[in-house]
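1. need a 3D model of the sequence below.
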Amino acid sequence: MADSPDREQAVAALKRVFSLLVSVGVLAVFVAAALAVAVFVFDPLMFQAAAGSPGNAIADEASVFESTTTAAGCTPEATDNASVEGYRLLGARHLAITGNVSLPDASYTLVEPTIRERPPGTFVLSVAAIRTDAANRSCRGLARYTANVELPYGVSDYELVVRHDGNRTLRVVERS
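-> So this is what the prediction gives:
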């Protein structure tokens, strides 16, 4: 039994619609993949933010969202220093702070950095050291840290003070 012309036209139309839907779906997958690659390559922190890190897109207080510290190692000439790099991400200001902390001896280690706001617009990053049970007390120590900080949403003018064991090491003022 031969198919009727109406049925053949309907089947042909369904094939065209199905083919069009498959093409659009494949194109959508390629566009989404291209956008993800572009964001990952050009702004890895934006990619992390979209995935739920580094934290809230609209922060209401400063926070350290990622940090690393090292135990002290021996060094003959240990000096404190710190540096700051800033960037904007989804309307919030982020700071990457790295530094070295000189210590009385190599039996110390650093605790995780903390940040707090004192007067409005002034943020203090505190890096403290504690003595461990390590026996290496025969040399001057140096430990390193990195702290990634998110300032409250909308902050453009700020002052950042970095303190190592209560001593001011760095002061950065940013005015737009």
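
2. in this structure, where is pLDDT below threshold?
-> Counting by pLDDT under 70, the chain has low-confidence residues at 1-3, 39-59, 136, 176.

3. for the longest helix seen in it, packing partners?
-> Across the chain, the helix with the greatest residue count (assigned by DSSP state H) is helix 5-42. Other elements packing on helix 5-42 under the criterion 3 or more C-beta pairs under 8 Å, 6 or more residues apart in numbering; DSSP states H and E are helix 44-50. Every residue, glycine included, has its C-beta placed from N, CA and C.

4. how far is the next helix or strand after the helix it packs on from where the chain is centred?
-> Later in the chain than helix 44-50, the nearest helix or strand by DSSP states H and E is strand 63-69. Centroid displacement of strand 63-69 relative to its chain, using C-alpha atoms, centre = their mean, to the nearest Å, is 9 Å.

5. buried residues in strand 63-69?
-> Of all the residues in strand 63-69, those buried under the rule 16 or more other C-beta atoms under 10 Å are 63-64, 67, 69.

6. other SSEs contacting it?
-> By 3+ C-beta pairs under 8 Å, 6+ apart, strand 63-69 packs against strand 114-117, strand 141-150.

7. could you check how far the first one is from the centre of its chain?
-> With C-alpha atoms, centre = their mean as the basis, the distance from the averaged C-alpha position of strand 114-117 to the chain average is 16 Å.

8. which residues are in contact with that strand?
-> Residues from elsewhere that reach strand 114-117 (C-beta atoms under 8 Å, 6 or more residues apart in numbering): 61-64, 123-126, 147, 149, 152.

9. and of those, the nearest to Leu170?
-> Relative to Leu170, the closest of the contacts of strand 114-117 is Leu125; by C-beta to C-beta it sits at 8.7 Å.

10. show me what counts as buried in the longest strand seen in the chain.
-> Looking across the chain with DSSP state E, the single longest strand is strand 92-103. Buried residues in strand 92-103, counted by 16+ other C-beta under 10 Å: 92-95, 97, 99-103.
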